[in-house]
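>>> Build the 3D model from these lines:
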Amino acid sequence: MTDPTSLPSFPPPPSEHPLRGRVLDALIDEGFGPNIDDDGDVAFTVQDQQLFVRCMEGDFTVMRVFGQWQIGDDVPQDALTRLMACNELTLRLNVVKAGIANETLVVTGEHVVGPDTDIKGLLVVTTQLVLSAVHLWHETIMGRAQGETNETEQS
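Predicted coordinates:
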C-alpha cells in the first residue's frame, strides 16, 4: 500500500467551493490554464502577468481578482507620493482599488456575485481593469515625479 501523503493533491470538488469551480471553468474556457495556489486562490497568467482570484463564500459571495507587483527602483521612493497615486487611482476608477504593502503594489477588483452572474465576462473585464490600473498607477506616479523635477528646476 502506498503512503497517502504521496498522492497528488487534487482540488476539492466544485460542490465544496462552488464559486472557485465556476472561476476555474471560466479561466479554462478562456485558455488561461489556471491552478490553485497554496492559499487556495486561483492563479493564472495573462499578458505575462501573474494574477489571482480569491473566492470568499459566506452570507455574500465575493470574487476578488488581484495582482501584486514589486515596485521598481525607477519609481519615487517617497511613501506619500506612492500612496497618493493609489488614492487617485482608487477614486478615479470603478471597481478597482490599489494599495502598497511591503514595497509591493497590490491592485484588486472585487464583485459580489450570485448564482446567475456571468463569471467569465466578469473575469475578462476585471482582469483588464486590474492590468490597466497598474499601468495607470505607474503613469500617475511617474508624472508626479516628472512634475516635481520640473518644479525643482524652475526654482
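>>> What is the burial count for Trp137?
Neighbourhood size, Trp137 [other Cβ atoms under 10 Å]: 24. From N, CA and C alone the C-beta is placed, and that goes for glycine too.
>>> swap that for Ile119, sorry
A count of neighbours around Ile119, defined by other Cβ under 10 Å, yields 22.
>>> For it, which residues are in contact?
Leu19, Arg22, Val23, Asp25, Ala26, Met63, Val113 (Cβ atoms under 8 Å, 6 or more residues apart in numbering).
>>> Among the residues you listed, name the ones in strands.
Residues of the contacts of Ile119 located in strands (DSSP state E): Met63, Val113.
>>> sec struct for the closest residue to Val46 other than its chain neighbours, please.
Excluding its sequence neighbours, the residue lying closest to Val46 (Cβ to Cβ, 6 or more residues apart in numbering) is Thr127, at 5.7 Å. The three-state label given to Thr127 by DSSP: H, G, I helix; E, B strand; the rest coil is helix.
>>> Same check on Asp116?
The local conformation at Asp116, judged by three-state DSSP, is coil.
>>> Derive a ChimeraX selection command for the buried subset of the contacts of Ile119.
Those of those that count as buried under 16 or more other Cβ atoms under 10 Å are selected in ChimeraX with:
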select :19,22,23,26,63,113
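>>> can you put the contacts of Ile119 in CSV and add distance to Asn35?
Listed next are the contacts of Ile119 as CSV, based on distance: Cβ to Cβ, whole Å:
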residue, distance to Asn35
Leu19, 16
Arg22, 16
Val23, 12
Asp25, 14
Ala26, 14
Met63, 17
Val113, 21
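>>> Show me the helices in this protein, by range?
18-29, 79-92, 119-154 (DSSP state H).
>>> Mean neighbour count, these: which tops it?
Of all these, helix 18-29 has the most neighbours on average by mean count of other Cβ atoms under 10 Å, namely a mean of 19.
>>> right, and out of the contacts of Ile119, which lies closest to Pro34?
Among the contacts of Ile119, Val23 lies closest to Pro34 (Cβ to Cβ), at 7.5 Å.
>>> wait, what's in contact with the closest one?
Residues in contact with Val23, defined by Cβ under 8 Å, 6+ apart, are Pro34, Val42, Val53, Cys55, Met63, Ile119, Leu123.
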